[in-house]
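Visitor: next come a sequence and a model predicted from it.
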Amino acid sequence: MFKKVAPYMGKYKKYTIRAVIMMCIGIVAKTMPYFFLYQMISPLTKGQSISLGYLMLRVLGVLLSEIIYSFAYVKGLIFSHISAYNTLKNLRISLQGKLEKQSLGNIESLGTGRIKKVFTEDIDMIELLLAHAIPEGIANISIPFAILVLMFVVDYRLALLSLVPILVGIFAMGMMMKQGSSKMDAYYESAAVMNNTIIEYVNGMEVVKVFNKDGDSYKRFGEVVKNYRDFTLLWYKACWPWMAMYSSVLPCLALLILPVGSFWVISGSLALDKLILVLCMSFAVGPSFMKAMHFAGNFPQLNYKIAELEKLMDKPALQEGSAKFSGENRDVQFENVRFAYGEKEILHGVSLELTQGTTTALVGESGSGKSTLAKLLVHYYDLSEGKIRIGGQDITDLSLEALNNEVSYVSQEQFLFNTTLYENILIGKPEAKREEVLEAASRAQCDEFLRRLPEGIETMAGDGGKQLSGGERQRISLARAILKDAPIVVLDEATAFMDPENEEKLNAALDEITKNKTVLVIAHRLSTVKNADKICVIKEGSCIAADKHEKLLEECPEYKKFWDASVSASTWKIKGGEKAC
Ligand SMILES: Nc1ncnc2c1ncn2[C@@H]1O[C@H](COP(=O)(O)OP(=O)(O)OP(=O)(O)O)[C@@H](O)[C@H]1O
């Protein structure tokens, strides 16, 4: 377990070693009062008198031991926590790095709740390992073990008696771990499902409110919460009897020593002071073992959480090269592209060429695979087969940074971070000057609504950009893309939220940012489709035709059908609008 975490400790490993040393000093100091106690009682059992000075010295020893213990324990905790929290920080940063390099498919399959749980709860649990279980566990096992050896030196029979509760305690702990482990998978799975469902429920709150509480999401929420309760109780029920057993037996090492030892003293086979010494030792050993066992009881949970963490860490990363862009131009080639979400193949060998400086539109029925094809150009996923090249260079040879510099992707629902709108636009080009950001906002037609906001461009976007309307969010994300000014632009229904007036303005802005760029656009609007340099008709994951509008109208019945349907839909919309007026 420690081995798996150790690589993330870096230079803080030495703090853990210091913590162990401090904790050992602390435990030795903690056991000393029992020896002083023995030294005070032992002469009395032999009828010897003791001086006040002798007594005071032992009392002072007890006080000093307590002070040393407190100091060493606190110092040990400081060292162990420095090491633990720095390791947690390193773990979280590495995990973030790994996630960034994974395909969206991997991330989606895990679910937001599960990922959040690993980032927070699961990694937090490692604090228990590094800050407590290792330093305190080692100290609480090794020092009592040394005292046990001393007991054997004093009287092996009493030492053997004291071993009985220890062995029973270890057996009970082992059983608790075994029984607990068999229920733990179900418990953790239910916790992960509950996390995912809670996040889904909160994200879908609007729907829940509109459709009352009869919706599937609300019912599922109730079910997963109940499941979590049931699996937790099952787990605890399996553990409780064994927990009770070791908790009651372990601290009572004197359980057998006292009656049997007293009998041996009465029968003359054991000196009274030896019994007192071993009794004092047993008081020092029991609580320490108990503490060590408590940490050991958490090991199955820790193992599980580390395994969850590893599952995320070990997910295969996207195929990513380290090359900079060195293509001859910004032509894009999709060559026999096949792609599947899980087992289901969505794209069945799509080949398509986008020429530098031209606009290519993807059209096709909903679910035909247009967005998926666009996302592959930004390398959200790895292909199952085929190649995507920019200027002749395979995108998997490029570093993600190099690819990001080449391609801007504007989807229908672009995520806004809960920071200022200015910062949200700045993501497009972090080194941009303020004037550039303002200009990009202006070109994306944001001026008018920014003027209305109390703090203008410095207004907070809200959680996921919820402070803004859909159209406003979209314009901010367009400003981001304008600022980025990448030579290849992917627009996924980028103007779906626009009202007619703004749509016109925005089209002008889009024309400007797409000028001289290689553009791949997924748009249902007739104007975009009609004016595109090339239109690719996607049907059930295959490109069945790619040409100009007029040519396709003549030669591709599928396109004609699509076009006619779009025309009649827009005519219907206009008529509907007239009626409404
Ligand atoms: N993340 C995903 N996981 C699994 N299946 C997905 C995922 N995203 C899309 N799909 C499936 O892939 C198919 C193609 O989806 P895609 O979004 O590419 O279609 P589209 O042509 O862009 O549709 P639309 O025009 O409605 O946006 C659909 O059947 C969809 O259900």
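Guide: Looks like it arrived, so ask away.

Visitor: give the rounded mean pLDDT of whichever strand or helix holds residue 193.
Guide: In this structure, residue 193 sits in helix 156-203 according to DSSP states H and E. Per-residue pLDDT over helix 156-203 has a mean of 84.

Visitor: now do it: which elements does it pack against?
Guide: Judged by 3 or more CB pairs under 8 Å, 6 or more residues apart in numbering; DSSP states H and E, helix 156-203 is in contact with helix 112-117, helix 134-154, helix 216-249, helix 254-266, helix 272-297, helix 299-313. In short, each C-beta sits where N, CA and C put it, glycine included.

Visitor: what bridges to the closest residue to residue 101 other than its chain neighbours?
Guide: The spatially closest residue to residue 101, leaving aside those adjacent along the chain, is residue 317, at 4.1 Å (CB to CB, 6 or more residues apart in numbering). For residue 317, the beta-bridge partners are residue 102 (DSSP bridges).

Visitor: list the contacts for residue 317?
Guide: Going by CB atoms under 8 Å, 6 or more residues apart in numbering, residue 317 touches 98, 101, 102.

Visitor: near the ligand too, which of these?
Guide: Among the contacts of residue 317, not one lies near the ligand by CB under 6 Å from any ligand atom.

Visitor: now the buried members of these.
Guide: When neighbours are counted using 16 or more other CB atoms under 10 Å, the contacts of residue 317 contain these buried positions: residue 102.

Visitor: could you check how far the residue nearest to residue 101 is from the ligand?
Guide: For residue 317, the distance to the ligand equals 18 Å [CB to the nearest ligand atom, to the nearest Å].

Visitor: need the pLDDT of that residue.
Guide: pLDDT, residue 317: 77.

Visitor: can you give me the helices in the stretch 1-150 of the chain?
Guide: Assigned by DSSP state H, counting those that start in this stretch, the stretch 1-150 of the chain shows helices spanning 2-5, 13-45, 52-100, 104-110, 112-117, 123-127, 134-154.

Visitor: does the fifth one reach the ligand?
Guide: No: using CB under 6 Å from any ligand atom, helix 112-117 never reaches the ligand; the gap is at least 13.3 Å.

Visitor: buried stuff in that helix?
Guide: For helix 112-117, the neighbour count (16+ other CB under 10 Å) marks 113, 114, 115, 116, 117 as buried.

Visitor: then the fourth one?
Guide: Neighbour-count burial for helix 104-110, counted by 16+ other CB under 10 Å, picks out 105, 106, 107, 110.

Visitor: only alpha carbons, please: show it as CSV.
Guide: Extracted in CSV, the C-alpha atoms of helix 104-110 (Å, rounded to 0.1, in the frame of the first residue of the first chain):
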residue,chain,number,x,y,z
LEU,A,104,-13.5,12.0,-23.0
GLY,A,105,-15.0,8.6,-23.4
ASN,A,106,-13.0,7.3,-20.4
ILE,A,107,-14.0,10.3,-18.3
GLU,A,108,-17.7,10.0,-19.3
SER,A,109,-17.7,6.3,-18.6
LEU,A,110,-16.6,6.9,-15.0
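
Visitor: now do it, average pLDDT.
Guide: Here the average pLDDT along helix 104-110 is 74.

Visitor: that helix: how far from the chain's middle?
Guide: Centroid displacement of helix 104-110 relative to its chain, using CA atoms, centre = their mean, to the nearest Å, is 12 Å.

Visitor: equivalent analysis for the last one, please.
Guide: Taking the mean C-alpha point of helix 134-154 and that of its whole chain, the gap between them comes to 39 Å (CA atoms, centre = their mean).

Visitor: in that helix, what's buried?
Guide: 134-141, 143-144, 147-148, 151.

Visitor: near the ligand, which residues of the stretch 301-450 of the chain show up?
Guide: Counting by CB under 6 Å from any ligand atom, the stretch 301-450 of the chain sits next to the ligand at 341, 346, 364, 366, 367, 368, 369, 370, 371, 372.

Visitor: at 5 Å instead, please
Guide: Within the stretch 301-450 of the chain, the positions adjacent to the ligand are 341, 346, 366, 367, 368, 369, 370, 371, 372 by CB under 5 Å from any ligand atom.

Visitor: quick revisit: looking at the contacts of residue 317, which is nearest residue 402?
Guide: Distance to residue 402 across the contacts of residue 317 (CB to CB) is lowest for residue 101, with 13.9 Å.

Visitor: in the stretch 51-200 of the chain, what residue is nearest the ligand?
Guide: residue 108 (5.2 Å; CB to the nearest ligand atom).

Visitor: same check, this time on the stretch 201-350 of the chain
Guide: For the stretch 201-350 of the chain, CB to the nearest ligand atom, closest residue to the ligand: residue 341, 3.3 Å.

Visitor: tell me the pLDDT of that residue.
Guide: Confidence score, pLDDT, at residue 341: 86.

Visitor: do residue 444 as well
Guide: Reported pLDDT for residue 444: 84.

Visitor: try the one 5 residues further on
Guide: We note a pLDDT of 84 for residue 449 in this prediction.

Visitor: near it, how many other residues are there?
Guide: For residue 449, the neighbour count with other CB atoms under 10 Å is 19.

Visitor: swap in the one 3 residues further on?
Guide: Other residues near residue 452 come to 10 when the count uses other CB under 10 Å.

Visitor: how far away is it from residue 277?
Guide: 84 Å (CB to CB, to the nearest Å).

Visitor: what stretches of the chain score poorly on pLDDT?
Guide: Residue ranges of the chain with pLDDT under 70: 1-2, 206-218, 412-413, 464-465, 493-506, 508-509, 512, 524-527, 569-581.

Visitor: what residues does it put near the ligand?
Guide: Counting by CB under 5 Å from any ligand atom, the chain sits next to the ligand at 341, 346, 366, 367, 368, 369, 370, 371, 372.

Visitor: assign the fourth one to helix, strand or coil.
Guide: Three-state assignment for residue 367 (DSSP: H, G, I helix; E, B strand; the rest coil): coil.

Visitor: that one - how many residues pack around it?
Guide: Counted with other CB under 10 Å, residue 367 comes out at 11.

Visitor: so what's it up against?
Guide: Taking CB under 8 Å, 6+ apart as the definition, residue 367 has no contacts.

Visitor: now with 10 Å, please.
Guide: 346, 540, 541 (CB atoms under 10 Å, 6 or more residues apart in numbering).

Visitor: among the residues you listed, which one lies nearest to residue 272?
Guide: Closest approach to residue 272 among those (CB to CB): residue 346, at 84.5 Å.

Visitor: next, give phi and psi for that closest one.
Guide: phi -110, psi -40 (degrees, to the nearest 10).

Visitor: hmm, residue 555 is touching residue 547, no?
Guide: Yes: contact criterion CB atoms under 10 Å: residue 555 and residue 547 qualify, at 7.1 Å.

Visitor: ok, residue 520 to residue 399 distance?
Guide: 21 Å.

Visitor: the two: which has the busier surroundings?
Guide: residue 520 (29 against 14).

Visitor: now do the SS call for that one.
Guide: Classified using three-state DSSP, residue 520 is strand.
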